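> After the sequence you'll find the predicted model.
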Amino acid sequence: MQHSTLRFVATICTLEGITWADTVPFLSPTTIFAPTSTPAQSIFDLSLFVMEVTGAIFAVVFSLLVYSVVKFRKKGAADGPEPAQVYGSSQLELAWTVIPVLIVVVLFLASARVIASIQNAVRPADAIEVTVVGHQFWWEYRYPKLGVVTANELHIPVSDPAHPTPTFLTLLSADTDHSFWVPRLAGKTDLIPNHPNSMWVDPHETGLYLGQCAQYCGTQHALMLLRVYVDSREDFDRWIQQQSKPAHASTTVSEGQKIFEQTACINCHAVAGTVANGRFGPDLTHLMSRQTIASGASKNTIGNLIAWIYNPDVLKPGSKMPAMGLSVQQSAEVAAYLATLR
């Protein structure tokens, strides 16, 4: 049934000149029904198979129930004798034991095949490697071979199906359990303290893919959002080149930079080329290259930056970032300095 529905949607899209990707916003930005990566496609195909099997079981059981209700419904006191009862039938006992076992075995083998194909994928020598660290309540991304550190917005190159260039993610946690889940790219994988996990994706289309921490991790779990930008290879190389540079050096030190470097901001945040070398919060070296702040909770605008610096709880109640006791004017000056970090 699900296959026929999807084929119907695809046919309508073709007649109207609409691509399947164009229908995604009408489904959901986090739908599993528009996979664009091999792991997600494998999971999607498995889910359709499971739905077809369970749908067939439902149809058979429901039909038998309807048949029984209609066939043996009570019409009145003049009804005939009770229908013949069957006791100890070896055939029936064997049927309702063997058939469910066979169904379970088939579903188990199908699931095991998908799990094995994803977990045992060969890692090419030129694969992009990213270390993902889950924090309460933000994401840290490190590209160890490329010397880049960023936060909350992951950039990876698109993979040509003819010449796959997958991205392999090593998943770590800095505090409690988290879960990395971008439905259109792959299934969810947990980040567990002191237990490294891994996953991989090979997206076939450029664009922005949204996800969510899928393991409750505290107060702001719901706003620990994922934004994965799949770039063309050229755009990805340019992004890496830009992210590899130190912070923009000004000939004069602004008042906002003085405040930033004289408060506890530098204990948590890093800005390459300055005295700020903290590791508890996001790296801010290229903060303004990101479209959002607070792990996707708000757009990255000067107004939101001021509010975030002045009182983080305004944008993200329960955030681990403390209010530094700065005035509105001081917060605006720090935001003006951060706005230069591109």
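In hand now; what should we look at?

> So D237 lies in a helix, does it not?
Yes. The assignment for D237, made by DSSP: H, G, I helix; E, B strand; the rest coil, places it in a helix.

> What's the separation between it and N152?
Per CB to CB, to the nearest Å, D237 is found 21 Å from N152. No exception for glycine: its C-beta is placed from N, CA and C like everyone else's.

> likewise P124?
Taking CB to CB as the measure, P124 falls 27 Å from N152.

> Check T206 too.
Separation of T206 from N152 (CB to CB) stands at 19 Å.

> So between these two, which is more surrounded?
Ranked by neighbour count (other CB atoms under 10 Å), T206 and N152 place N152 first, with 22 against 16.

> how about the nearest residue to that one, chain neighbours excluded?
S295 (4.8 Å; CB to CB, 6 or more residues apart in numbering).

> V182 too?
If the residues on either side of it in the chain are set aside, V182 comes closest to G211, at 3.4 Å by CB to CB, 6+ apart.

> Can you name the residues that contact the one you found?
T30, F180, W181, V182, P183, L185, L225, L226, R227, V228 (CB atoms under 8 Å, 6 or more residues apart in numbering).

> quick one: pLDDT of the fifth one?
pLDDT, P183: 94.

> where do the strands sit along the stretch 51-200 of the chain?
Across the stretch 51-200 of the chain, reading from the start of the chain, the strands by DSSP state E, counting those that start in this stretch fall at 128-135, 138-143, 148-151, 153-157, 167-173, 178-181, 189-191, 197-201.

> Now mean neighbour count and distance to V106 too, for the ones you listed, in TSV please.
Below are these laid out as TSV (neighbours: other CB atoms under 10 Å; distance: least, CB to CB, whole Å):
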stretch	mean neighbour count	distance to V106
strand 128-135	20	35
strand 138-143	22	38
strand 148-151	22	44
strand 153-157	22	35
strand 167-173	21	31
strand 178-181	24	27
strand 189-191	21	25
strand 197-201	20	26
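
> would you list those in JSON lines and tack on distance to V114?
Written out in JSON lines, the entries for these read as follows (distance: least, CB to CB, whole Å):
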{"stretch": "strand 128-135", "distance to V114": "22"}
{"stretch": "strand 138-143", "distance to V114": "26"}
{"stretch": "strand 148-151", "distance to V114": "31"}
{"stretch": "strand 153-157", "distance to V114": "22"}
{"stretch": "strand 167-173", "distance to V114": "18"}
{"stretch": "strand 178-181", "distance to V114": "17"}
{"stretch": "strand 189-191", "distance to V114": "14"}
{"stretch": "strand 197-201", "distance to V114": "14"}
